[in-house]
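Asker: 3D model of this:
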Amino acid sequence: MTLEARSLSAGYAGRAVVHGIDLALEAGEIVALVGANGAGKSTLAKSISGLLPALSGRILLDGKPIERASPAERVRLGIAHVPEGRQVFSGLSIAENLRLGAWVHRRALSEMEMERRIARVCEAFPVLVERLQHPGGTLSGGQQQMLAIARGLMAEPRYLILDEPSLGLSPILVVEIFRMIEALRGRGIAILLSEQNARMSLAIADRAYVIETGRVTIEGAGRELLRRREVIERYLGVGKGVGASDDARSARLTEGLRRIFSSRRIS
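Answerer: All right, here's what the predicted structure looks like:
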């Protein structure tokens, strides 16, 4: 099972922001999109999920073109998108927010099946179980991000697109969110992770693409890119003149982050 972009260009008002992107996401892996703010990561994510039209190129799901499919059709096919900024409906209850995640499947789900799906999704988010009838707007920023991810999982996707899931969160909550992402991979869900936090993204990614001004400039295994000089200089907060000691420090940090993420996995 593979979700692919081939020579994909997309943007706004007919003007391309991302150009000729080639990308693949396979079952059970995390693929990170790394780049500065404005590089085109969110535009690419929206194009794959159907929120923006492809200007040229192809989007393939298991070899079949879907670039003309609507966002709802793509959800039915197994692609869910958790957008930047959470976009929780603050006036609706947590349970109602979750139900919206399964909206495209509503005619096929009985009330009992809907309740079971909510219970199943919330196993990973106990704080939501305790407050299902509370308005979404009463949650903290980190809890709202958990709700946004849980809402995406209500569609039972095979492919989950996460756009800036750590944005605006405290360091402790960022680690918690990344633990959740690793746990989702453990369930066989493929994750496309668009993040400005390059260090933590690369630490858990199987593969990664570096995007600069709308084009992929570097790609490779996440751990490999954490040791690449140009990635260290541009995205990991280390200046030019990186030496062997910096490479070793980056390698130690990578292993440290992996131990943090694996120390307490979500069941």
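
Asker: So for this structure, the centremost residue is which one?
Answerer: Nearest to the mean C-alpha position of the chain, by C-alpha atoms, centre = their mean, lies L162 at 2.0 Å.

Asker: Quick check: bridge partners of that one?
Answerer: In this entry, L162 is beta-bridged to V82, L193, by DSSP bridges.

Asker: so where is the stretch 151-267 of the chain shaky, pLDDT-wise?
Answerer: Within the stretch 151-267 of the chain, the segments meeting pLDDT under 70 span 237-267.

Asker: hmm, 50 instead?
Answerer: The model of the stretch 151-267 of the chain has pLDDT under 50 over residues 238-247, 249-250, 264-267.

Asker: which stretches of it form strands?
Answerer: Secondary structure of the stretch 151-267 of the chain (DSSP state E, counting those that start in this stretch): strands at 159-163, 190-195, 207-212, 215-221.

Asker: Indicate which one of the ones you listed is closest to R74.
Answerer: With distances scored as C-beta to C-beta, the stretch of the strands of the stretch 151-267 of the chain nearest to R74 is strand 159-163 (9.1 Å). Yep, even glycine has a C-beta here, placed from its N, CA and C like the rest.

Asker: angle of the closest one against strand 190-195?
Answerer: Angle of strand 159-163 versus strand 190-195, following axes from the mean of the first three to the mean of the last three C-alpha atoms, to 10 degrees, is 10 degrees.

Asker: Remind me what strand 159-163 packs against, helices and strands.
Answerer: Judged by 3 or more C-beta pairs under 8 Å, 6 or more residues apart in numbering; DSSP states H and E, strand 159-163 is in contact with helix 41-49, strand 79-82, helix 141-153, strand 190-195.

Asker: Need the residues that contact it.
Answerer: Surrounding strand 159-163, the residues in contact under the criterion C-beta atoms under 8 Å, 6 or more residues apart in numbering are 3, 25, 41-42, 45-46, 48-49, 78-84, 149, 152-153, 181, 184, 189-195.

Asker: Give the PyMOL command for selecting the buried subset of the residues you listed.
Answerer: To isolate in PyMOL the members of the contacts of strand 159-163 that are buried, counting by 16 or more other C-beta atoms under 10 Å, one can use:
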select buried, resi 3+25+41+42+45+46+48+49+78+79+80+81+82+83+84+149+152+153+181+184+189+190+191+192+193+194+195
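
Asker: Without its sequence neighbours, what residue ends up closest to I218?
Answerer: Among residues not flanking I218 along the chain, V210 sits closest, at 4.0 Å (C-beta to C-beta, 6 or more residues apart in numbering).

Asker: Quick check: beta-bridge partners of that neighbour?
Answerer: Here V210, judged by DSSP bridges, has bridge partners V34, I218.

Asker: For it, the count of nearby residues, please.
Answerer: For V210, the neighbour count with other C-beta atoms under 10 Å is 24.

Asker: which residues touch it?
Answerer: By C-beta under 8 Å, 6+ apart, V210 lies in contact with V34, G35, V216, T217, I218, E219, L225, V231, Y235.

Asker: and these, which are buried?
Answerer: Neighbour-count burial (16+ other C-beta under 10 Å) applied to the contacts of V210 gives V34, G35, V216, I218, E219, L225, V231, Y235.
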